[in-house]
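Chemist: Okay, predicted coordinates and the sequence, questions at the end:
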Amino acid sequence: MKELFTQYGTGIMIVVWIAIIYFFMILPNKKKQKKQKEMFDSLKEGNEIVTIGGIKGTISSIQEDYIQIRVDKGVNLTVRKSAVAVVLK
């Protein structure tokens, strides 16, 4: 039995570490990316958002990668969709 562990022990430990890294680092990151993509896809005109820079505004138009937000009367900003941190309504 001891010879079996010394022969396959290193390989088993490598597999265990790969599984640990996958379940604690890669899988949660994939879930987070999926949730973010769903949020970006659900953006529509009239939604109130907050950007990662803390700017609050209302979406006035949406392009492929960019959105235009109205932050005040007559003041519009164009930001990347990835800059959206939170959709308020």
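Modeler: Looks like it came in fine. Numbering: from 1, shown residues only.

Chemist: any idea of the pLDDT on residue 1?
Modeler: pLDDT, residue 1: 54.

Chemist: Point to the helix or strand of this protein where mean pLDDT is at its lowest.
Modeler: None of the helices or strands of the chain scores lower by mean pLDDT, DSSP states H and E than helix 2-21, at a mean of 78.

Chemist: okay, the angle between the following helix or strand past it and helix 2-21?
Modeler: Stepping forward along the backbone from helix 2-21, the first helix or strand reached (DSSP states H and E) is helix 27-41. Between helix 27-41 and helix 2-21, the angle formed by their directions is 20 degrees, by axes from the mean of the first three to the mean of the last three CA atoms, to 10 degrees.

Chemist: In terms of secondary structure, what does whichever helix or strand comes after helix 27-41 contact?
Modeler: Reading on from helix 27-41 to the C-terminus, the next helix or strand found by DSSP H and E is strand 48-51. Contact partners of strand 48-51 among helices and strands, from 3 or more CB pairs under 8 Å, 6 or more residues apart in numbering; DSSP states H and E: strand 56-62, strand 84-87. For glycine as for every other residue, the C-beta is placed from the backbone atoms N, C-alpha and C.

Chemist: which residues make contact with strand 48-51 from outside it?
Modeler: Strand 48-51 is contacted from outside by 43, 56-59, 69, 79, 83-89, using CB atoms under 8 Å, 6 or more residues apart in numbering.

Chemist: Could I get those in JSON lines, plus columns for neighbour count?
Modeler: Rendered in JSON lines, the data for these read as follows (neighbours: other CB atoms under 10 Å):
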{"residue": "43", "neighbour count": "14"}
{"residue": "56", "neighbour count": "12"}
{"residue": "57", "neighbour count": "20"}
{"residue": "58", "neighbour count": "16"}
{"residue": "59", "neighbour count": "19"}
{"residue": "69", "neighbour count": "23"}
{"residue": "79", "neighbour count": "18"}
{"residue": "83", "neighbour count": "17"}
{"residue": "84", "neighbour count": "20"}
{"residue": "85", "neighbour count": "14"}
{"residue": "86", "neighbour count": "11"}
{"residue": "87", "neighbour count": "15"}
{"residue": "88", "neighbour count": "9"}
{"residue": "89", "neighbour count": "7"}
